[in-house]
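Q: Curious how this folds, go ahead:
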Amino acid sequence: MIPPVAHPDIATAFNVVADPLARDGMVRLRALILATAADLPQIGRLEETLRWGQPAYLTPDTKAATTLRLGVPKAARFALFVHCRTSLISDFTAAFPARDRIEGTRAVLFDDPTQIDPKRHGWLICQALTYHLKGSESTL
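A: You can find the predicted model right below:
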């Protein structure tokens, strides 16, 4: 069961997405982020907040994660964003070549919620949530 959005401003960030496919995709990615975090006790508490008016996920107690963010880019219906100065997108495309549409070093782009692959995109989420853990295995 996916926990409800705790803060009204975060709920609003999902609700203002006019395109129902984009909103559904963002909700599915949120569920995948929360489920992946639940399987990673070493990251500590996952905080759901807003960054640039978009839902974002970080680990404030352990600082294990680099921020994940969900949003609506110009070039797709919705996206999973990571910090552009990490190696996450290049590592992801090396692990899963030519499987997704990528925007530079910062995002995986989606046009339909059915494009979300829990294994492949869960891998990327896991890598982001454990990004700052030194010497740990960050695989699903």
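
Q: Mind listing what's buried along the worst-scoring helix or strand of the chain on mean pLDDT?
A: Per-element confidence for the chain was summarised using mean pLDDT, DSSP states H and E. The lowest value among helices and strands belongs to helix 8-15, with a mean of 90. When burial is assessed from 16 or more other C-beta atoms under 10 Å, helix 8-15 yields the following buried residues: 10, 13-14. In this view, the C-beta of every residue, glycine as well, is placed from N, C-alpha and C.

Q: same check, this time on stretch 46-58
A: 46, 48-49, 54-58.

Q: re the thing from before, quick one: residues in contact with the least confident helix or strand of the chain.
A: Contacts of helix 8-15 with the rest of the structure, by C-beta atoms under 8 Å, 6 or more residues apart in numbering, involve 4-5, 23, 26-27, 30, 48-50, 53-55.

Q: what about 6 Å?
A: Contact partners of helix 8-15, identified using C-beta atoms under 6 Å, 6 or more residues apart in numbering, comprise 5, 48, 50, 55.

Q: ok, then the element right after that helix?
A: If you walk from helix 8-15 toward the C-terminus, the next helix or strand you reach (DSSP states H and E) is helix 20-38.

Q: Can you list the low-confidence ranges for this structure?
A: Judged by pLDDT under 70, the chain has its weakly predicted residues at 1-4, 134-140.

Q: Could you pull out the helices in it for me?
A: Chain-ordered helices for the chain, with DSSP state H as the definition, fall at 8-15, 20-38, 88-95, 118-129.

Q: Tell me which residues of the third one come out buried.
A: By 16+ other C-beta under 10 Å, the buried positions in helix 88-95 come out as 88-89, 92-93.

Q: now the angle from it to helix 118-129?
A: Going by axes from the mean of the first three to the mean of the last three C-alpha atoms, to 10 degrees, helix 88-95 is angled at 140 degrees with respect to helix 118-129.
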